[in-house]
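Chemist: Sequence and predicted structure, then a few things I'm wondering about:
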Amino acid sequence: MFKNFKTFSHDTGEARIHGVTGGSGPPLLLLHGYPQTHVMWHKVAPVLAGHFTIVAADLRGYGRSSKPPTSADHSPYSKRAMAADMVSVMQSFGHRRFRVAAHDRGARVAHRLALDWPDRVERLAVLDIAPTREMYRGTTEGFARAYWHWFFLIQPAPFPERMIAADPDAYWIKKCGSGSAGLSPFTPAALDDYLAAFRDPATIHASCEDYRAGAGIDIAHDDADGDRKLACPVLALWGRTGAIEAHFDCLDLWRRRAEHVSGEALPGGHYLAEECPDLVCEHFLKFFR
């Protein structure tokens, strides 16, 4: 799925990060969401590689990246720790300053990366999310029903892990196939990769830890920032038939956390990079160039 890309494995000191890199031009980091891998970019990365040096990585806890032990406060799966992994990865390739495009959980990592390392991120594009703290603060019944997994996955271990591990394929298909597009965005090869990765009990546990951190230590980090906003330009794209459109004012929430925000809804659901890759590429090329 990534012809002419090279695989890499980089040890950050806390985690070993797996991914692919290819193309030429200014560096662009691509981060995936839950419960996927870097493979979610397979329709987009080859196009972008004609203009940028692409680095598409599996977040710690996901895919072929390592799953470090956790702690009582879930800090090993904080977005701060996951963002530091990606700074290390990019530094290993000599990319001190770079652009970032990210989806779902990866976009939450990218948000923290741009806050903690403002000198590293030139521009940030996020797919189908609003900021984590602001989403939790705006919880309504409709949002809770649409994002039921947020509240399920943060339950204390090992309850959600045991429930998911009983039939991880069924869980994955229910979670990712219940949107407006069903399973149609996922090619057979990509779906096989996602399911194979998610069958690993260590991945299931690590992904729960990601959400537990999101509901606790990540919000504490956000609160500690006070009124500080992202200085880099932010492009927010979201699905017109998805939950963000239905339950949030995406641009308003991002403007509470960033100085320069643009964006719009695209004709699709949550998995935009696989559902409408041509439109995503069009927006990314215009924004990042």
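Modeler: Sure thing, it's come through. Everything numeric in this text was worked out from a predicted model, so none of it was measured.
Chemist: Pull the number of nearby residues for the closest residue to Leu31 other than its chain neighbours.
Modeler: Nearest in space to Leu31, with sequence neighbours left out and distances taken as C-beta to C-beta, 6 or more residues apart in numbering, is Gly106 at 3.0 Å. All C-beta spots, glycine's among them, are computed from the backbone N, C-alpha and C. The tally of other residues near Gly106 (other C-beta atoms under 10 Å) stands at 33.
Chemist: quick one, what contacts Gly106?
Modeler: Leu30, Leu31, His32, Gly33, Leu59 (C-beta atoms under 8 Å, 6 or more residues apart in numbering).
Chemist: And for Lys6?
Modeler: Val20, Thr21, Gly22.
Chemist: in the sheet, who's paired with it?
Modeler: Applying DSSP bridges to Lys6 yields these beta-bridge partners: Thr21.
Chemist: What distance do you get for the residue most central in space within the chain to Phe2?
Modeler: Using C-alpha atoms, centre = their mean, the residue of the chain that lies closest to the mean C-alpha position is Gly106, 1.7 Å off. Applying C-beta to C-beta, to the nearest Å, the value for Gly106 to Phe2 is 17 Å.
Chemist: Find the nearest non-adjacent residue to Glu14, please.
Modeler: In space, Glu14 is closest to Pro68, 6.0 Å off (C-beta to C-beta, 6+ apart).
Chemist: ok, the one you found to Tyr34 distance?
Modeler: Using C-beta to C-beta, Pro68 is found at 17 Å from Tyr34.
Chemist: between the two, who's got more neighbours?
Modeler: Remark: of Pro68 and Tyr34, Tyr34 carries more neighbours, 21 against 18, as counted by other C-beta under 10 Å.
Chemist: hey, where'd the strands end up in the stretch 101-250 of the chain?
Modeler: Secondary structure of the stretch 101-250 of the chain (DSSP state E, counting those that start in this stretch): strands at 121-127, 234-239.
Chemist: With mean neighbour count, distance to Arg133 and mean pLDDT as new columns, can those be given to me in TSV?
Modeler: Listed next are the strands of the stretch 101-250 of the chain as TSV, based on neighbours: other C-beta atoms under 10 Å; distance: least, C-beta to C-beta, whole Å; pLDDT from 0 to 100:
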stretch	mean neighbour count	distance to Arg133	mean pLDDT
strand 121-127	24	15	98
strand 234-239	24	16	98
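Chemist: and Ala202, which of those is closest to it?
Modeler: strand 121-127 (26.2 Å; C-beta to C-beta).
Chemist: just checking, what packs against the closest one?
Modeler: For strand 121-127, the packing partners by 3 or more C-beta pairs under 8 Å, 6 or more residues apart in numbering; DSSP states H and E come out as strand 98-103, helix 104-116, strand 234-239, helix 277-288.
Chemist: which of the ones you listed is buried the deepest?
Modeler: Greatest average neighbour count among those goes to strand 98-103 (a mean of 26), per mean count of other C-beta atoms under 10 Å.
Chemist: Partner strands of it and their direction?
Modeler: strand 27-31 (parallel), strand 121-127 (parallel).
Chemist: now the angle between helix 104-116 and it, please.
Modeler: Counting by axes from the mean of the first three to the mean of the last three C-alpha atoms, to 10 degrees, strand 98-103 lies at 150 degrees to helix 104-116.
Chemist: what does the average pLDDT come to for strand 98-103?
Modeler: For strand 98-103, mean pLDDT rounds to 98.
Chemist: who's in contact with that strand?
Modeler: Contacts with strand 98-103, where a contact means C-beta under 8 Å, 6+ apart, come from 26-33, 40, 52, 55, 90, 109-110, 113-114, 120-129, 271-273, 284, 288.
Chemist: hmm, 6 Å instead?
Modeler: Identification of contacts with strand 98-103 by C-beta atoms under 6 Å, 6 or more residues apart in numbering yields 27-31, 33, 90, 110, 121-127, 284, 288.
Chemist: Present the strands paired with strand 98-103 as a markdown table; the columns should include distance to Glu259.
Modeler: Listed next are those as a markdown table, based on distance: least, C-beta to C-beta, whole Å:
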| stretch | distance to Glu259 |
| --- | --- |
| strand 27-31 | 21 |
| strand 121-127 | 12 |
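Chemist: Perfect, that will be all.
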